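**Student:** take this sequence and fold it.
(one chain, ligands or ions: 1)
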Amino acid sequence: MAQDSSPRRIAIAIDGPAGAGKSTVARLVAGRFGYVYIDTGAMYRAVALAALRAGVEPGMTGELEKLVSELDIRLEPGDVVQRVRLNGEDVTDEIRSRAVTSVVPAYAAVPAVRARLVELQRAMAREGGVVMDGRDIGTHVLPDAELKVFLTASVQERARRRYEESGRAQGMTLEMLEEEIAERDRQDASREISPLVKAEDAIVLDTTTLTAEEAAERIAALAGRSIAEAGRS
Ligand code: CDP
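**Tutor:** Next up is the predicted model:
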């Protein structure tokens, strides 16, 4: 039988704390290989927004379970950022508001929320050819991903990036952002279910002194190796 010479389409998991550059870098890597980029943080943000609007608090487990089971969340490619639709409405900007950002970790710690979103994320990755970023992709969502990267950077640098990106426009100071990011790290790393931890087999990449392009370049090189290896097995 003729050998299939087209390269294997692998799954790339990129995890790490807020502001480490995951989404920018993941988008660049996905573009390089013609893969689909999936921003799982946007999905948790969409759930938090829907819950805030409906007046459903993180502790209202039954209501939250019902709400999340009825939500239609879609990620669509956009010019610069991925567009996020919640029951058809474009909520791309609203899910990045301070009000939503500060409550996402509380909703993301609820088992029913995670179960539903993980199910959707695995379905999106079924065909391979994906770059997925989040907190638990390498450890839980895609434990068999051919390449796992854990992106980090100092809290100061992460706050500075967020300040340039959106913080300044939202009227936040660098100090406020540092605090917000450190608090979110704490909540994400200490929750009981799928906390933010590095997968044992993930490669750590500290981006404190790297540009997004440089970080993407390094990941693309690793991905090239993983694709070649996957093709041999
Ligand atoms: O972009 P940023 O790093 O600020 O955060 P994000 O990726 O949009 O994620 C927002 C929040 O969603 C995180 O602080 C986590 O609480 C939660 N999240 C999660 O629990 N699991 C994921 N796979 C992705 C995000």
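**Student:** C-alpha from now on. contacts and neighbour counts both.
**Tutor:** OK.
**Student:** which parts of this protein sit against the ligand?
**Tutor:** Residues of the chain found near the ligand (C-alpha under 6 Å from any ligand atom) are 17-19, 40-42, 44, 104-105, 108, 134-136, 184, 188.
**Student:** what's the farthest-apart pair in the residues you listed?
**Tutor:** Gly19 and Ala108 (17.4 Å; C-alpha to C-alpha).
**Student:** neighbour count winner among the two?
**Tutor:** Ala108 (25 against 22; other C-alpha atoms under 10 Å).
**Student:** give the contact list for the residue most central in space within the chain.
**Tutor:** With distances taken as C-alpha atoms, centre = their mean, the residue of the chain nearest its centroid is Gly134 (2.8 Å). Applying C-alpha atoms under 8 Å, 6 or more residues apart in numbering to Gly134 gives the contacts Ile14, Asp15, Gly16, Lys22, Asp39, Thr40, Gly41.
**Student:** identify those among these that sit within strands.
**Tutor:** When DSSP state E is applied, the contacts of Gly134 are split such that Ile14, Asp15, Asp39 fall in strands.
**Student:** now the second one, which residues is it bridged with?
**Tutor:** Each beta-bridge partner of Asp15 is listed here: Gly134, Phe150, as defined by DSSP bridges.
**Student:** show me what contacts it?
**Tutor:** Lys22, Asp133, Gly134, Arg135, Asp136, Ile137, Gly138, Lys148, Val149, Phe150, Leu151, Lys198.
**Student:** and it, how far is that from Arg74?
**Tutor:** 21 Å (C-alpha to C-alpha, to the nearest Å).
**Student:** including pLDDT and distance to Arg114, could the contacts of Gly134 go into JSON lines?
**Tutor:** Listed next are these as JSON lines, based on pLDDT from 0 to 100; distance: C-alpha to C-alpha, whole Å:
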{"residue": "Ile14", "pLDDT": "98", "distance to Arg114": "18"}
{"residue": "Asp15", "pLDDT": "97", "distance to Arg114": "16"}
{"residue": "Gly16", "pLDDT": "96", "distance to Arg114": "17"}
{"residue": "Lys22", "pLDDT": "93", "distance to Arg114": "20"}
{"residue": "Asp39", "pLDDT": "95", "distance to Arg114": "14"}
{"residue": "Thr40", "pLDDT": "97", "distance to Arg114": "11"}
{"residue": "Gly41", "pLDDT": "96", "distance to Arg114": "11"}
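**Student:** got the buried residues for stretch 89-96?
**Tutor:** By 16 or more other C-alpha atoms under 10 Å, the buried positions in stretch 89-96 come out as Val91, Thr92, Ile95, Arg96.
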